[in-house]
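Visitor: Predicted model follows, preceded by the sequence.
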Amino acid sequence: MNRQKAVKVVVYGGMFDPPHEGHFSLIRAALRDIGPDILYVVPGFGSPFKEPPGADFAARAAMVRSGLRSHGLGGDVRIKVHPYEARRGRVTYTWRTIAFFRRLHPDASLYFLMGSDCLETFRRWKNYRRILSSARLLVGVRAGFSLRGPVSLPYKRLRGRFPAVSSTALKAGLFSGSRVPGLPGDTAKYIAVRGLYLGGLRARLKRSMPPARFRHTLGVARLALALAQRYGADPRRTALAALLHDVARGLSKEAMLARAAVCRPGMPAMRAATRNAPVVLHAYAGAVIAEKKYGVKDPEVLRAIRVHAFGRASSGLLDKIIFTADLAEAGRNFPEARAIRELAFKDLDAAYAAAQRVKLAHVIGLGGWVHPESVKAWNSHLEKIRS
Ligand SMILES: [Fe+2]
Ligand SMILES: [Fe+2]
């Protein structure tokens, strides 16, 4: 790329996963207050602090462009979506990105645009002094946020307050197919048309199961994603496990067995389950279908699907979230569901144990066979609280 002379250059980095109204209002304010010759939007390859993005670079760049169109900025030649970080193909710290744009525009007044939440943590950023030596911080203060005390960093504050939209909350809504506020209309359309954020998977599942089961699936995804947000689980993995947990629920016993038999060694009590409670096999078969038909490779996701029907003594975070959400999603109308749902946000372990208890009591009440893993999970909970 040729070196270009520009008087004022603004660089705006971030994951834009997805880009939302908070991002676009910052861009508009930077254009208004600084009047830059160029404003680079630089979608990152990945963040050193966050989970991998839910959409690839090309999709995030396209979403940024669609949002600009919604804001009447589609034809603004000053705004360039730049592939610098994506081209590097690995996580790139901001100091390196700023150094790149400094080399590209050696004589420019360079600004680095950010929200006030970033300013608070800025001193922990790698080589933050190198950023300060090359660029001026340009900060928009988020609504409901006040800069505590003097930040003791040089920065220029943009006029106005900016909507506090959270990409994490947005993503949780998108993955479960909920309507989400805070997205520009064209971006929402782009996401829907392309089936981003697992929209393609949801459409496939909707075609493959009865409406009531699909509603239950979305209910599980909604609660599981809210719990993932609360406990810091990865939203994409959580959504995958929740959406696919009952993918084999409608199969005949023979079809379930055929699927589950593929990975027999990994299935505890398979023979006894087949004899006594074949419906449990849908969890085993579901994990196989998720892997073979839907291409899920993540062992944590596959395990959460595999154990969702009976639980597990040494459950991981995702196992607990899916098991609890399956039992207590908003569509469940037995009396304990609401209490477990509420408890889950305060104490997930306690909610997981309560969900186990309800399920065990239900099965025993019907005179049914109890999966040995359920018994182990329940006993392990008792041992934990009594030790
Ligand atoms: Fe199930
Ligand atoms: Fe379920």
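Guide: Received, thanks. Residues are numbered from 1 along each chain as shown. Ligands and ions are numbered 1, 2, ... in the order given.

Visitor: Could you pull out the buried residues of the helix or strand of the chain with the lowest mean pLDDT?
Guide: Using mean pLDDT, DSSP states H and E, the weakest-scoring helix or strand in the chain turns out to be helix 116-121, at a mean of 81. Across helix 116-121, burial judged by 16 or more other CB atoms under 10 Å covers 116, 118-119. (C-beta placed from N, C-alpha, C; glycine too.)

Visitor: so how far is it off the chain centroid?
Guide: Averaging C-alpha positions (CA atoms, centre = their mean, to the nearest Å) puts helix 116-121 21 Å from its chain's average.

Visitor: Remind me what that helix packs against, helices and strands.
Guide: Applying 3 or more CB pairs under 8 Å, 6 or more residues apart in numbering; DSSP states H and E, we find helix 116-121 packed against strand 136-142.

Visitor: I'd like the next helix or strand past the strand it packs on.
Guide: Following strand 136-142 in sequence order, the next helix or strand is strand 155-162 (DSSP states H and E).

Visitor: in the stretch 1-150 of the chain, what residue is nearest ligand 2?
Guide: At 23.2 Å from ligand 2, residue 54 is the closest residue in the stretch 1-150 of the chain, using CB to the ion.

Visitor: Checking that residue next. Helix, strand or coil?
Guide: Of the three states, residue 54 takes coil under DSSP: H, G, I helix; E, B strand; the rest coil.

Visitor: If you tally nearby residues, what's the number for it?
Guide: By the measure other CB atoms under 10 Å, the count of residues near residue 54 is 22.

Visitor: isn't it right up against residue 171?
Guide: Yes - contact criterion CB atoms under 8 Å: residue 54 and residue 171 qualify, at 5.6 Å.

Visitor: now the buried residues of helix 116-121 in a markdown table, with distance to residue 29?
Guide: A markdown table is the format used below for the buried residues of helix 116-121 (distance: CB to CB, whole Å):
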| residue | distance to residue 29 |
| --- | --- |
| 116 | 12 |
| 118 | 15 |
| 119 | 15 |
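
Visitor: Tell me who's in contact with the residue lying closest to residue 192 once chain neighbours are set aside.
Guide: Counting by CB to CB, 6 or more residues apart in numbering, residue 192 lies nearest to residue 199, which is 6.4 Å off, once chain neighbours are set aside. Applying CB atoms under 8 Å, 6 or more residues apart in numbering to residue 199 gives the contacts 174, 177, 191-192.

Visitor: Give me the buried entries from those.
Guide: Buried among the contacts of residue 199 by 16+ other CB under 10 Å: 174, 177, 191.

Visitor: residue ranges with poor pLDDT in the stretch 151-300 of the chain?
Guide: Scanning the stretch 151-300 of the chain for pLDDT under 70 picks out the ranges 151, 263-266.

Visitor: Run a quick neighbour tally on residue 58.
Guide: By other CB under 10 Å, the residues close to residue 58 number 11.

Visitor: Nearest to ligand 2, out of the buried ones among the contacts of residue 199: which one, please.
Guide: residue 177 (16.3 Å).

Visitor: Residue 72 belongs to a strand?
Guide: No - read with three-state DSSP, residue 72 is coil and lies in no strand.

Visitor: Give me the secondary structure label for residue 332.
Guide: Assignment for residue 332 (three-state DSSP): coil.

Visitor: any idea of the pLDDT on it?
Guide: Residue 332 is assigned 94 on the pLDDT scale.

Visitor: Let me see the domain layout of this structure.
Guide: Using automatic domain parsing, the domain parsing of the chain gives 8-187, 198-386.

Visitor: Could I get the buried residue list for stretch 306-317?
Guide: Buried, per 16+ other CB under 10 Å, within stretch 306-317: 306-312, 315, 317.
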